[in-house]
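Colleague: Dropping a prediction and its sequence here:
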Amino acid sequence: MNADSQGIAAQPRRVTVWNEFIHEREDPKVAAVYPDGIHQALAELLRRGLPDTQVATATLDQPEHGLSADVLDETDVLLWWGHLGHHLVDNAVVARVQQRVQQGMGLIVLHSAHLSKIFTRLMGTTCNLRWREADDREVLWPVAPQHPILEGVELPIIIERHEMYGEFFDIPAPDELVLISNFSGGEVFRSGCCFQRGKGRIFYFSPGHETYPIYYQPQIARVIVNAVCWAFAPSINTVDTQTSPESATGWFI
Ligand code: ZN
């Protein structure tokens, strides 16, 4: 078992960044922030933060939304950004992603992907929340400062202008709550939430409204890089009854 775990851990991480890629092509204001698409900005921050990781991108308009069985089989962690096109995502692709999560693929769900088919299906709730586009100042506070997703992150994280996402956020109680946000309007929100489904780790991270350059903020990028490492968890994915709890930290080194 140990040999198998080490063998898997020795392979490079393989990450796929999925983006519906609609706002950037329809709204000049968004294109000005993300001229190559949000997926490319996310891929860049991952390539900078995790130079040994293989990073690919996929978008809604590709055959099978770029998420064929082969692509998913070769993906250790999938990032998901969606908003306008949730209803356009094929149910067969959603089922395939869900199956891969249950088999151990990590999933990072970003911003308005809280209403994506894959997230609501994995959560089993509406995942609705309160929102307001009004240039709020958001402060993300750690409620689990020792969590690996916050390693090396300067806290609290401050976003000078952002869309407000507020409670009640209709999700199951997270397995681990990592970050909560407050907004200048007074609202609060669970902005960094960990879940496990089957063998797969899921992290919901709320920053990333398309009209603000949030994915260029170094502390936001650091959280996403850390989340990919946390969700990779190859030794967790191969846990059996013979595996000691200590081996579960294999992802961290
Ligand atoms: Zn938004």
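Modeller: Received it, and whenever you're ready, just let me know what you need. Residues are numbered from 1 along each chain as shown.
Colleague: What about the closest residue to Gly198 other than its chain neighbours, how many residues nearby?
Modeller: The shortest distance from Gly198 to any non-neighbouring residue, by CB to CB, 6 or more residues apart in numbering, is to Gln102 (3.1 Å). Heads up, the C-betas are built off the backbone N, CA and C, glycines and all. Gln102 has 13 neighbours, counted by other CB atoms under 10 Å.
Colleague: Could you do Pro218 as well?
Modeller: 13.
Colleague: before we move on, the earlier item: locate the residue nearest to Gly198 within the secondary structure: which element?
Modeller: helix 91-103 (DSSP states H and E).
Colleague: now for that helix, which elements pack on it?
Modeller: When contacts are defined as 3 or more CB pairs under 8 Å, 6 or more residues apart in numbering; DSSP states H and E, helix 91-103 packs onto helix 69-73, helix 117-123, strand 188-197, strand 200-205.
Colleague: winner for burial among these?
Modeller: strand 200-205 (a mean of 25; mean count of other CB atoms under 10 Å).
Colleague: which residues sit against that strand?
Modeller: Strand 200-205 has contacts (CB atoms under 8 Å, 6 or more residues apart in numbering) with 100-111, 114, 119, 122, 149, 171, 174, 178-179, 191-196, 223-224, 227, 230-231, 233, 236-237.
Colleague: that older thread, how about CSV for the helices and strands packed on helix 91-103, with mean pLDDT and distance to Pro213 added?
Modeller: CSV is the format used below for these (pLDDT from 0 to 100; distance: least, CB to CB, whole Å):
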stretch, mean pLDDT, distance to Pro213
helix 69-73, 98, 29
helix 117-123, 98, 24
strand 188-197, 98, 18
strand 200-205, 98, 16
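Colleague: May I see these arranged in CSV, with distance to Glu154 as well?
Modeller: As requested, the helices and strands packed on helix 91-103 are exported to CSV (distance: least, CB to CB, whole Å):
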stretch, distance to Glu154
helix 69-73, 34
helix 117-123, 28
strand 188-197, 15
strand 200-205, 16
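Colleague: quick revisit: among the contacts of strand 200-205, name the buried ones.
Modeller: 100-101, 104-111, 114, 119, 122, 149, 171, 174, 178-179, 191-195, 223-224, 227, 230-231, 233, 236-237 (16 or more other CB atoms under 10 Å).
Colleague: Report the inter-axis angle for the helix holding Gln102 versus strand 188-197.
Modeller: 80 degrees (axes from the mean of the first three to the mean of the last three CA atoms, to 10 degrees).
Colleague: what element comes up after helix 91-103 heading to the C-terminus?
Modeller: strand 106-110.
Colleague: In contact with Ala41, which residues are there?
Modeller: Contacts of Ala41 (CB under 8 Å, 6+ apart): 34, 215-216.
Colleague: Pull the distance from the longest strand seen in the chain to the chain's centre.
Modeller: Looking across the chain with DSSP state E, the single longest strand is strand 130-142. With CA atoms, centre = their mean, to the nearest Å as the basis, strand 130-142 stands 18 Å off its chain's centre.
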